[in-house]
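Participant: Give me a model of this one.
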Amino acid sequence: MEWIIVIAVIALLGFWIASIYNQLVALKNRYENGFSQIEIQLKRRYDLIPNLVETAKGYLSHEKETLESVIQARNQAMNGLQSAADNPSDPNAIKELSSAEGILGNALGRLNVVMEAYPDLKANQNMMQLTEELTSTENKVAFARQGYNDQVTEYNTYRQSFPPVIFAGFFSHGIDAELLEFADSEAIQAAPSISFN
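Facilitator: Now for the predicted structure:
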């Protein structure tokens, strides 16, 4: 009779530990999926930026340095996104993306300041359409980023709570997931001011 009780206790303990493991996996999958939503929007954003720069080139031929800095920042952000997409669980890759996005936001801000001096550019139909699409994409990035950060917080809270904290390291969940924050907090939370209305 005692061995039945021992087996039942061991089975219950096994199910309890398995439920902790399953919850850690489910929460990690959710935040990784949340990151893939950000990735989709950032790729769209990166695809729009060369069109924006190309449209502005005709009007800003003597502002070559500003245009090149936007493209360089975009390329750096694309590289950061690729690193983060390869492993959203890597805090360093998320920090690299955050930094690159801050640089890109600053470059787009400088481009906006330069373009404000060109009324013909502001009235250009292609530029207005690109600006509208970019602003819409920025809003989608902000929404996806908020969802991702909520999911990361939920994962980290569960992982750090008792008793999961005891088992997290054994189940390859030993480090916190990184929130996606930007050096310039307004870079993504609010769309860059590149509206020409």
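
Participant: Could you tell me which residues make contact with Ile40?
Facilitator: Ala144 (C-beta atoms under 8 Å, 6 or more residues apart in numbering). In this view, the C-beta of every residue, glycine as well, is placed from N, C-alpha and C.

Participant: Which strand or helix spans it?
Facilitator: helix 2-57 (DSSP states H and E).

Participant: what about this protein, any weak spots by pLDDT?
Facilitator: 183-197 (pLDDT under 70).

Participant: Helices of that one, residue ranges please.
Facilitator: Taking DSSP state H to define them, one finds helices in the chain at 2-57, 64-86, 91-115, 119-123, 125-160, 164-168, 186-189.

Participant: Which positions in the fourth one come out as buried?
Facilitator: Going back to what we said before, that points to helix 119-123. Residues of helix 119-123 classed as buried: 121-122 (neighbour count, 16 or more other C-beta atoms under 10 Å).

Participant: Skipping adjacent residues, who's closest to the residue nearest the centre of the chain in space?
Facilitator: For the chain, the residue nearest the mean C-alpha position is Ile38 (4.9 Å; C-alpha atoms, centre = their mean). Leaving aside its chain neighbours, Ile38 sits nearest to Ala144 (4.5 Å; criterion: C-beta to C-beta, 6 or more residues apart in numbering).

Participant: Now do the same contact list for the one you found.
Facilitator: Ala144 neighbours (C-beta under 8 Å, 6+ apart): 34, 37-38, 40-41.

Participant: thinking again about what came up before, quick one: the residue nearest to the centre of the chain and Val141 touch, right?
Facilitator: Yes. Counting by C-beta atoms under 8 Å, Val141 is a contact partner of Ile38 at 6.5 Å.

Participant: quick revisit: how much does the helix holding Ile40 deviate in direction from helix 91-115?
Facilitator: Helix 2-57 runs at 20 degrees relative to helix 91-115, counting by axes from the mean of the first three to the mean of the last three C-alpha atoms, to 10 degrees.

Participant: Check the gap between Leu104 and Ser61 for me.
Facilitator: According to C-beta to C-beta, to the nearest Å, Leu104 stands 23 Å off from Ser61.

Participant: who's more crowded, the two?
Facilitator: Higher neighbour count among Leu104 and Ser61: Leu104, with 29 against 9, using other C-beta atoms under 10 Å.

Participant: OK, contacts around Asn33?
Facilitator: Counting by C-beta under 8 Å, 6+ apart, Asn33 has contacts Gln151.

Participant: OK, contacts around the residue lying closest to Ile103 once chain neighbours are set aside?
Facilitator: Counting by C-beta to C-beta, 6+ apart, Ala73 is the residue found nearest to Ile103 once chain neighbours are left out, at 4.9 Å. Residues in contact with Ala73 (C-beta under 8 Å, 6+ apart) are 100, 103-104, 106-108.
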